[in-house]
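[1] here's my sequence, what's the structure:
(2 chains)
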Amino acid sequence: MKHPWRWIVGLLVLAFLILLAVLPGGAKEEFEVASEFQREVLIKLPSIGPFDMSVTKTVAYLWISVAIVVVIAIIVSRTLKVHPGRFQYSMEVIYELARDGIVGSVMKSGKATWFPYIGGVFVFILVSNLVGLFPLPFGEHHQVATANLNVTLMLAFFTFVFTHYAGVRKNGAVHYMRAWAPAGAPPVLKQMIWFIHVVSEIFRLVSLSVRLFANMVAGHAIFAVFFAMALIFQSYLVGLALQGASVLIYMFELFVAFIQAFIFAILSAVYIGGALDQDH
Amino acid sequence: MDAEAAKELGKLLGAGLSMGLGAVGPGVGLGIMIGKALESIARQPEVAGDVRTNMFIGIGVTEAVALYAFVVALILIFVA
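    Numbering: from 1, shown residues only, chains lettered A, B, ... in the order given. You can find the predicted model right below:
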């Protein structure tokens, strides 16, 4: 045998795993996945009208991501150089992705007008998704800004409003709405198609917001379930295996955070571009 | 079985079935779509960028269907 050490190390690892499996787990702990979805008030503030102004953990995440976006934008725009450094170059990559990859590849006209909104939405969602992967040191539960339907519905609402604003401003209200049904169809069919189109416009709002919300919630729910399983099984072996698995899930979540920001921005560009250049 | 337990059973069973069955269709759809996109990239590598962008749009739209099922499952467990 050439390398007897390998066998000894392998046997030691095996013995360690068996020991872990046999060893009784830590103290019995109760874990409720449902409690992860409860709103938790950090600073209690009086409500104005129907709006509760209290600061929750979601609001804290929102402020942190807004602060990061604003600070990065100010630093980059104040220190622009002809020969970019490492930081400026990486920001330029994101800028070019938003300009050429998202707006440039989807929209035909109005690129310069709508790039600020779409690029801003892309960067904001990307930053708040990535910030959400870091747990904050206060509060009990993990509630990320984009894993909250209120935040994503507001973002989708902006896209909805801007879509119709862009369409009405470019084509005129009557012409814009008339183009929702094909011109050559018989009258009854035309009305039905028009109605279906209106429903689909409203459902864009739902699909755009629920997609981002559900992706983020699903990612964090997987973490919660993995950590809960380590507590439920009360075994060090399961805990160790789940720690390794959750590292892999974490890497996948980094990918999902980017992809969801990209998809939100590109669908916004598709909708606004479709309202500007109506094809029928 | 009393009514309370039956209600709980129905909720959990419905949530599990909605997520499981709701993932079937989007899974098949995503597989077909990404496969076709890879096929077309392999055939015409010079349009890879365009195909990839459109593939991601399609992924976003298709995957949302599975996420509706996920939201329905969450509503069944925690709200209903």
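
[2] rest of the way, CA atoms for contacts and neighbours
    Noted.

[3] chain A versus the residue positioned nearest the centre of chain B, what's the distance?
    Taking CA atoms, centre = their mean, the centroid of chain B lies closest to residue B:66, which sits 2.2 Å from it. Noted for residue B:66: a distance of 9 Å to chain A, by CA to the nearest CA, to the nearest Å.

[4] quick check: that residue vs residue B:40, distance?
    Separation of residue B:66 from residue B:40 (CA to CA, to the nearest Å) stands at 26 Å.

[5] mind listing what's buried in stretch B:46-57?
    Buried residues in stretch B:46-57, counted by 16 or more other CA atoms under 10 Å in any protein chain shown: B:51, B:53, B:55-57.

[6] residue numbers of the stretch 151-280 of chain A in contact with chain B?
    Applying CA under 8 Å from any CA of the partner chain, one finds that the stretch 151-280 of chain A approaches chain B through A:207, A:210-211, A:214-215, A:218, A:260, A:263, A:266-267.

[7] mind listing the helices for chain B?
    Counting by DSSP state H, the segments of chain B that form helices are B:3-22, B:24-43, B:48-74.

[8] most packed of these?
    Stretch with highest mean neighbour count among these: helix B:48-74 (a mean of 19; mean count of other CA atoms under 10 Å in any protein chain shown).

[9] and what about residue A:42, helix, strand or coil?
    strand (DSSP: H, G, I helix; E, B strand; the rest coil).

[10] count the residues that sit near it.
    Neighbour count for residue A:42, taken as other CA atoms under 10 Å in any protein chain shown: 15.

[11] next one: it relative to residue A:51, how far apart?
    Going from residue A:42 to residue A:51 by CA to CA gives 16 Å.

[12] list the helices and strands the helix or strand where residue A:60 lies packs on?
    Using DSSP states H and E, residue A:60 sits in helix A:57-78. Helices and strands touching helix A:57-78, by 3 or more CA pairs under 8 Å, 6 or more residues apart in numbering or on different chains; DSSP states H and E, are helix A:111-131.

[13] hang on, residue A:143 is in a strand, isn't it?
    No - read with three-state DSSP, residue A:143 is coil and lies in no strand.

[14] my guess is it contacts residue A:62, does it?
    No - the criterion here is CA atoms under 8 Å, and residue A:143 misses it with residue A:62 at 10.3 Å.

[15] quick one: contacts of stretch B:30-37?
    Here stretch B:30-37 makes contact (CA atoms under 8 Å, 6 or more residues apart in numbering or on different chains) with B:51-52, B:55, B:58-59, B:62-63.

[16] what's the closest of the residues you listed to residue B:13?
    The closest of the contacts of stretch B:30-37 to residue B:13 turns out to be residue B:63 (CA to CA; 22.7 Å).

[17] might you report the residue contacts of the spatially closest residue to the closest one that is not a sequence neighbour?
    Closest residue to residue B:63 apart from its sequence neighbours, by CA to CA, 6 or more residues apart in numbering or on different chains: residue B:26 at 6.0 Å. Taking CA under 8 Å, 6+ apart, we find residue B:26 in contact with B:62-63, B:65-66.

[18] report the distance from the helix or strand where residue A:265 lies to the chain centre.
    Assigned by DSSP H and E, residue A:265 belongs to helix A:236-276. Chain-centre distance of helix A:236-276: 7 Å, with CA atoms, centre = their mean, to the nearest Å.

[19] that helix versus helix A:111-131: what angle between them?
    If you take axes from the mean of the first three to the mean of the last three CA atoms, to 10 degrees, helix A:236-276 sits at 170 degrees to helix A:111-131.

[20] show me what whichever helix in chain A runs longest packs onto, helices and strands only.
    Assignment by DSSP H gives helix A:187-233 as the longest helix of chain A. Judged by 3+ CA pairs under 8 Å, 6+ apart, helix A:187-233 is in contact with helix A:149-171, helix A:236-276, helix B:48-74.

[21] what is the burial count for residue A:176?
    When neighbours are counted by other CA under 10 Å, residue A:176 comes out with 19.

[22] mind exporting the helix or strand harbouring it as CSV, just the C-alpha atoms?
    For residue A:176, the host element (DSSP H and E) is helix A:173-178. These are the backbone C-alpha positions of helix A:173-178, laid out as CSV (Å, rounded to 0.1, in the frame of the first residue of the first chain):
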residue,chain,number,x,y,z
ALA,A,173,-54.7,58.1,-25.0
VAL,A,174,-57.2,57.1,-27.6
HIS,A,175,-54.8,55.6,-30.1
TYR,A,176,-52.9,53.9,-27.3
MET,A,177,-56.0,52.1,-26.0
ARG,A,178,-57.4,51.3,-29.4
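
[23] got the buried residues for it?
    The neighbour-count check on helix A:173-178 (16+ other CA under 10 Å) flags A:176-177 as buried.

[24] pLDDT at the residue of chain B found nearest chain A, what is it?
    Using CA to the nearest CA, the single residue of chain B nearest to chain A is residue B:64, 5.3 Å away. Residue B:64 carries a pLDDT value of 83.
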